[in-house]
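[1] Quick check, what structure comes out for this input:
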Amino acid sequence: MPKYIAEFIGTMTLVLLGCGTAMLVGCDAVNGGGYIFTALALVLLL
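    Next up is the predicted model:
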């Protein structure tokens with residue numbers, strides 16, 4: 001697999017799942033739970 005395709009797939013996965021998680025849980029400054037779930041999703045992707 002060419003390096004640029006692997007980079008594209010990795011970037012696409014991080015953007016779609018990271019931003020998708022942030023949109024689904026809603027980063028609410030009052031509770032702060034959305035930030036934790038978004039951070040956890042990004043850590044699990046890595």
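[2] what about the helices in this structure?
    Listed in chain order, the helices found in the chain under DSSP state H are 3-25, 33-45.
[3] Single out the most deeply packed of these.
    A comparison of these by mean neighbour count, using mean count of other C-beta atoms under 10 Å, puts helix 33-45 on top with a mean of 14. Backbone N, C-alpha and C define where each C-beta goes, glycine included.
[4] quick one, it and helix 3-25 angle?
    Computed by axes from the mean of the first three to the mean of the last three C-alpha atoms, to 10 degrees, the angle separating helix 33-45 from helix 3-25 equals 160 degrees.
[5] contact partners of helix 33-45?
    The contact list for helix 33-45 (C-beta atoms under 8 Å, 6 or more residues apart in numbering) reads 13-14, 17-18, 21-22, 25-28.
[6] and that helix, how far from the chain's centre?
    Averaging C-alpha positions (C-alpha atoms, centre = their mean, to the nearest Å) puts helix 33-45 7 Å from its chain's average.
[7] residues touching Gly26, list them.
    Contacts of Gly26 (C-beta under 8 Å, 6+ apart): Gly34.
[8] tell me, what residue is most central in this protein?
    Gly18 (1.3 Å; C-alpha atoms, centre = their mean).
[9] Spit out the contact partners of it.
    38, 41-42, 45.
[10] Pull the most distant pair out of those.
    Thr38 and Leu45 (11.0 Å; C-beta to C-beta).
[11] Off-centre distance for stretch 6-24?
    With C-alpha atoms, centre = their mean, you get 5 Å for stretch 6-24.
[12] Pull it out as CSV, backbone CA atoms only.
    C-alpha atoms of stretch 6-24 as CSV (Å, rounded to 0.1, in the frame of the first residue of the first chain):
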residue,chain,number,x,y,z
ALA,A,6,-2.3,5.0,4.3
GLU,A,7,-2.0,8.6,5.4
PHE,A,8,-5.3,9.4,3.8
ILE,A,9,-7.1,6.5,5.5
GLY,A,10,-5.6,7.4,8.9
THR,A,11,-6.5,11.1,8.6
MET,A,12,-10.0,10.3,7.3
THR,A,13,-10.5,7.9,10.3
LEU,A,14,-9.4,10.5,12.8
VAL,A,15,-11.4,13.3,11.4
LEU,A,16,-14.6,11.3,10.9
LEU,A,17,-14.6,9.5,14.2
GLY,A,18,-13.2,12.3,16.3
CYS,A,19,-15.4,15.0,14.9
GLY,A,20,-18.4,12.6,14.7
THR,A,21,-18.0,11.7,18.4
ALA,A,22,-17.8,15.4,19.3
MET,A,23,-21.0,16.1,17.3
LEU,A,24,-22.9,13.1,18.8
